[in-house]
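Asks: Structural data only, the sequence is not supplied:
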């Protein structure tokens, strides 16, 4: 067994997947496209912004034919299908120079990893932009595609190569993996990148900040809910505290992030 940092954190996901070799293998297995890149950008923005929202991409790479966007999302937003469709369209529209030619020079593939799950409970969902006739036959005109991955719902029926990637991502969420289970050298390389003892103080600080943002979102979501739901929020705060204790944060830092009192945190056993 290997101790690793969880891929639920954007900072850790980007640490692993900004490796061009890993990114390229992941894209090939997910969307069936081979790309040739020498770098992966993080926190990519377009200048000027496209439309009224300044889209920011967790991971962004392109070669001469393809533009690839990969986003990691742990918070459950009710609008994430619409949110990432907007991001996807921005990556298409940014390529259109004028009304003389609406056809982008690069195909755009957006891959969204939803580590906390989704209300539809599907392991893999795809938005395909290609027109189809009344019999459902695609015309092969538009190849842009959005793929939503939910590692939480991976099963024996999930086809390869999706299954091994999703299992690996899900396996990291408790910060411990059995590396012998995985055959892919690229997944083994991910585990090496995110080994717990290789996480820097700066990365730990960003993980701490991400936890705080999640809790703020949950507090807003909990407003106006019943007392029973508040108890559920308390349970999630305890789970968060356990994760932070495993990361080595002090009870004082955890109390600040979770609003649990110090005595409660000190009484937690894991």
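Replies: The structure has been received and is ready for your questions. On a predicted model such as this, the values are computed, not experimentally measured, just so you know.

Asks: Mind listing what's buried along stretch 44-62?
Replies: For stretch 44-62, burial by neighbour count (16 or more other Cβ atoms under 10 Å) applies to 44, 46, 50, 55, 57, 58, 59, 60, 61, 62. Backbone N, C-alpha and C define where each C-beta goes, glycine included.

Asks: where are the low-confidence patches of this structure?
Replies: When residues are selected by pLDDT under 70, those of the chain lie in 75-76, 98-100, 211-235, 269-270.

Asks: tell me, what residue is most central in it?
Replies: Taking Cα atoms, centre = their mean, the centroid of the chain lies closest to residue 72, which sits 1.5 Å from it.

Asks: Just to check, it is in contact with residue 57?
Replies: No. Counting by Cβ atoms under 8 Å, residue 72 stays clear of residue 57, with 10.7 Å between them.

Asks: who touches the residue nearest to the centre of the chain in this structure?
Replies: Applying Cβ atoms under 8 Å, 6 or more residues apart in numbering, one finds that residue 72 lies in contact with 7, 8, 10, 13, 14, 58, 59, 113, 115.

Asks: Which pair in those residues has the greatest spatial separation?
Replies: 8 and 59 (15.4 Å; Cβ to Cβ).

Asks: out of the buried residues of stretch 44-62, which one sits closest to residue 242?
Replies: Checking the buried residues of stretch 44-62 one by one against residue 242 (Cβ to Cβ), the nearest turns out to be residue 58, at 25.7 Å.

Asks: now the end-to-end length of stretch 68-82.
Replies: End-to-end distance for stretch 68-82: 18 Å, by Cα to Cα, to the nearest Å.

Asks: Repeat that for stretch 258-267.
Replies: 15 Å.

Asks: Only the buried residues of that stretch, if you could.
Replies: Buried residues in stretch 258-267 (16+ other Cβ under 10 Å): 258, 260, 264, 265.

Asks: Which helix or which strand is home to the nearest residue to the residue nearest to the centre of the chain once chain neighbours are set aside?
Replies: Using Cβ to Cβ, 6 or more residues apart in numbering and skipping residues adjacent in sequence, the residue nearest residue 72 is residue 13, 4.1 Å away. Residue 13 belongs to helix 10-17 when assigned by DSSP states H and E.

Asks: Quick one: list the elements packing against that helix.
Replies: With contacts defined as 3 or more Cβ pairs under 8 Å, 6 or more residues apart in numbering; DSSP states H and E, helix 10-17 has these neighbours: helix 20-31, strand 56-62, strand 66-73, helix 185-193, helix 201-222.

Asks: So which of those is the most surrounded?
Replies: Comparing these by mean neighbour count (mean count of other Cβ atoms under 10 Å), strand 66-73 comes out on top with a mean of 23.

Asks: mind checking how far whichever helix or strand comes after that strand is from the chain centre?
Replies: Using DSSP H and E, the helix or strand that follows strand 66-73 in sequence is helix 80-93. Once both centres are worked out by Cα atoms, centre = their mean, to the nearest Å, helix 80-93 turns out to sit 15 Å from its chain's centre.

Asks: how about helix 80-93: buried residues?
Replies: 80, 83, 84, 85, 87, 88, 89, 90, 91, 92.

Asks: Please name the nearest non-neighbouring residue to the second one.
Replies: This means residue 83. Ranked by Cβ to Cβ, 6+ apart and with sequence neighbours excluded, the top spatial neighbour of residue 83 is residue 77, at 6.5 Å.

Asks: neighbours of that neighbour, just the number please.
Replies: 15 (other Cβ atoms under 10 Å).
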